[in-house]
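**Student:** Got a sequence here, can you build the structure:
(chains A, B, C and D)
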There are 2 protein chains.
Amino acid sequence: MKAKTEIEKNPTTEEKIKEAARRVFTRKGYAATRTRDIAEESGFNLALINYYFRSKEKLFDLVMLENLQLFIHSVMGIVNNPETTLQEKIEILVSHYIDMLIKNPDVPIFVLSEINADPKKLISRLGFDKVNHQKIYLVKQWMELAAAKKVPAFNPIHIMINVLSMTIFPFIASPLLRNRTSMSLEEFNQLMEERKKLIPVWVNAILRTG
Amino acid sequence: MKAKTEIEKNPTTEEKIKEAARRVFTRKGYAATRTRDIAEESGFNLALINYYFRSKEKLFDLVMLENLQLFIHSVMGIVNNPETTLQEKIEILVSHYIDMLIKNPDVPIFVLSEINADPKKLISRLGFDKVNHQKIYLVKQWMELAAAKKVPAFNPIHIMINVLSMTIFPFIASPLLRNRTSMSLEEFNQLMEERKKLIPVWVNAILRTG
DNA sequence: GTCTATAGACTGATAGAC
DNA sequence: GTCTATCAGTCTATAGAC
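**Tutor:** Below is the predicted model of the structure:
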């Protein structure tokens, strides 16, 4: 196993092709991507893709798994941390997520539309097993606060949906939003930076609602 | 021009094919859809698609335009109504949107991922012209309330983003969300029904934040 | 390991019978 | 209007030279 910085500096052909595939698949989706596009993007020949990865689909699965990790796994470490308060979890989650999304703006729409295209694959092929929702530390903390009536009694899933919605959705709607409001990419990113501080405040206001 | 109810009861072959195309395109996206899929779904032969619509792309453009109307135009009539208050606009918008989304859950991810795949087409081919954002009645009302300090001074676009995020995003993330929480479609729809009343309350709480 | 050339399957579109 | 049959182009994957 190579260290990450070493991979970035001295990528092998295999790694170069995988990174090219990640860029193309994430931008255009599985069906619209041709293996020729990946070959061209990587700077190598078409035949090498099959030499290293056997098929378009196997290469896609690798890319999908990486993007899924980026999209989901980053959350899990945060919401499961027993050392932070509910409020802190939300602040950290939103801030880290927006940083990731500014770097990888195409990831959410890629992941969600590919899952929508083939929901079965999510579980069967990518080995994406379920978690017991009750065991997540954030849910535990919520339950305790609800018992002490410090937080409203509605389904805590609503709060999780709201945090993720307000954080992720603007990136998914970005092309349409920017077109409708004649907004540059820089202005958009600036707006998202503002939301790092605003969303936790808003969520706090929502929590006081019940 | 036939009346809508008449179309639903006595659809011509052309209308049947277009409806079949709408279902298939909206579920699988442009690139993953084969003209043969549409033929099969419509119950007619492949050749008829070209007889009525000349090409896959022209048929797609029709479907895209309809879905875009569903996705956007429904908003415009509501946010531009001078007869309703800001608060009423939000209530009506959320309620109508959620009704539409429960009936057409695939529309948002379809529209947004196709726009993401080819943003230029949005304007050049589909004739989707810009609106002057300042002229929208909702923005006007916001400005007046902000001037009277009844509403926070941050960019009103944030509120619009929040309303649309909390309303639309759960439908986009539905397959993933339902998988992670082992939620049935009925339970999900019930959760969305709850949000019709909750979102306006939450937005109100956000508005008192500034 | 990396390339060129090509096989083999599939796709969108059309010709032509009825 | 609706069908069957088929063309021409494109795609993934592989064989084989270096």
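**Student:** quick one: contacts for the residue most central in space within chain A?
**Tutor:** When CA atoms, centre = their mean is applied to chain A, the residue found nearest the centroid is residue A:71 (2.1 Å). Residues in contact with residue A:71 (CB atoms under 8 Å, 6 or more residues apart in numbering or on different chains) are A:107, A:108, A:111. All C-beta spots, glycine's among them, are computed from the backbone N, C-alpha and C.
**Student:** can you pull the pLDDT of the second one?
**Tutor:** Looking at residue A:108, its pLDDT is 98.
**Student:** Check whether the residue nearest to the centre of chain A sits in a helix, strand or coil.
**Tutor:** helix (DSSP: H, G, I helix; E, B strand; the rest coil).
**Student:** The contacts of residue A:71 also near DNA strand D: which ones?
**Tutor:** The overlap between the contacts of residue A:71 and the neighbourhood of DNA strand D (criterion: CB under 7 Å from any atom of the strand) is empty.
**Student:** Mind checking which of those are in helices?
**Tutor:** A:107, A:108, A:111 (DSSP state H).
**Student:** Which of those residues sits closest to chain B?
**Tutor:** Ranked by distance to chain B (CB to the nearest CB), these are led by residue A:111 at 7.7 Å.
**Student:** Pull out the buried positions in stretch A:128-142.
**Tutor:** Buried residues in stretch A:128-142, counted by 16 or more other CB atoms under 10 Å in any protein chain shown: A:128, A:136, A:137, A:138, A:139, A:141, A:142.
**Student:** which other residues reach it?
**Tutor:** Applying CB under 8 Å, 6+ apart, the set of residues contacting stretch A:128-142 is A:68, A:76, A:79-82, A:85-86, A:89, A:122-123, A:151, A:156, A:159-160, B:179-182.
**Student:** and that stretch, how far apart are its ends?
**Tutor:** From its first residue to its last, stretch A:128-142 covers 26 Å (CA to CA, to the nearest Å).
**Student:** Now do the same for residue A:156: its pLDDT.
**Tutor:** pLDDT, residue A:156: 85.
**Student:** If we ignore the residues flanking it in sequence, what's nearest it?
**Tutor:** residue A:142 (4.4 Å; CB to CB, 6 or more residues apart in numbering or on different chains).
**Student:** next SSE after the helix or strand where the one you found lies?
**Tutor:** Secondary structure from DSSP states H and E places residue A:142 in helix A:137-147. Using DSSP H and E, the helix or strand that directly follows helix A:137-147 along the chain is helix A:157-172.
**Student:** Please save the CA atoms from that following helix in CSV.
**Tutor:** What follows is helix A:157-172, C-alpha atoms only, in CSV (Å, rounded to 0.1, in the frame of the first residue of the first chain):
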residue,chain,number,x,y,z
ILE,A,157,-34.7,11.9,10.8
HIS,A,158,-36.2,15.3,9.7
ILE,A,159,-33.3,17.1,11.2
MET,A,160,-30.8,14.9,9.5
ILE,A,161,-32.6,15.4,6.2
ASN,A,162,-32.6,19.2,6.8
VAL,A,163,-28.9,19.4,7.5
LEU,A,164,-28.0,17.3,4.5
SER,A,165,-30.5,19.1,2.3
MET,A,166,-29.4,22.6,3.0
THR,A,167,-25.7,21.5,2.7
ILE,A,168,-25.8,19.3,-0.4
PHE,A,169,-28.8,20.4,-2.5
PRO,A,170,-27.3,23.8,-3.7
PHE,A,171,-24.4,21.9,-5.3
ILE,A,172,-26.8,19.6,-7.1
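**Student:** Which is the succeeding secondary structure element to the helix or strand of chain A at the bottom of the mean pLDDT ranking?
**Tutor:** Taking mean pLDDT, DSSP states H and E as the measure, the helix or strand of chain A with the lowest value is helix A:4-9, at a mean of 65. Sequence order places helix A:13-28 as the next helix or strand after helix A:4-9, per DSSP H and E.
**Student:** neighbours around residue A:127, how many?
**Tutor:** For residue A:127, the count of nearby residues is 8 (other CB atoms under 10 Å in any protein chain shown).
**Student:** Report whether the lengthiest helix in chain A contacts chain B.
**Tutor:** In chain A, with assignment by DSSP H, the single longest helix is helix A:185-207. Yes. Using CB under 8 Å from any CB of the partner chain, helix A:185-207 reaches chain B at A:191, A:194, A:195, A:198, A:201, A:202, A:205, A:206.
**Student:** about what we covered before: list just the nearest of the ones in helices among the contacts of residue A:71 to residue B:37.
**Tutor:** Nearest to residue B:37 among these, counting by CB to CB, is residue A:111 at 23.7 Å.
**Student:** Spatially nearest residue to the closest one (excluding sequence neighbours)?
**Tutor:** Closest to residue A:111 by CB to CB, 6+ apart is residue A:71, at 4.8 Å.
**Student:** Which pLDDT value belongs to the one you found?
**Tutor:** For residue A:71, pLDDT reads 91.
**Student:** Tell me how far it lies from residue A:105.
**Tutor:** 12 Å (CB to CB, to the nearest Å).
**Student:** Up against DNA strand C, what does chain A have?
**Tutor:** Residues of chain A lying close to DNA strand C (CB under 7 Å from any atom of the strand) are A:13, A:44, A:45, A:46, A:47, A:48, A:51.
**Student:** for chain A, what are the low-confidence residue spans?
**Tutor:** A:1-8, A:130, A:210 (pLDDT under 70).
**Student:** Could you tell me which residues of it lie near DNA strand D?
**Tutor:** A:33, A:34, A:35, A:36, A:46, A:47, A:50, A:51, A:54, A:55, A:56, A:57.
**Student:** can we see that at 10 Å?
**Tutor:** Contact residues, chain A versus DNA strand D (CB under 10 Å from any atom of the strand): A:30-39, A:45-51, A:53-60.
**Student:** ok, and of those residues, which contact chain B?
**Tutor:** Among the residues of chain A next to DNA strand D, the ones lying near chain B by CB under 8 Å from any CB are A:30, A:31, A:32.
**Student:** Tell me the most packed of these, by neighbour count.
**Tutor:** Result: residue A:30 is most packed of these (other CB under 10 Å), 20 neighbours.
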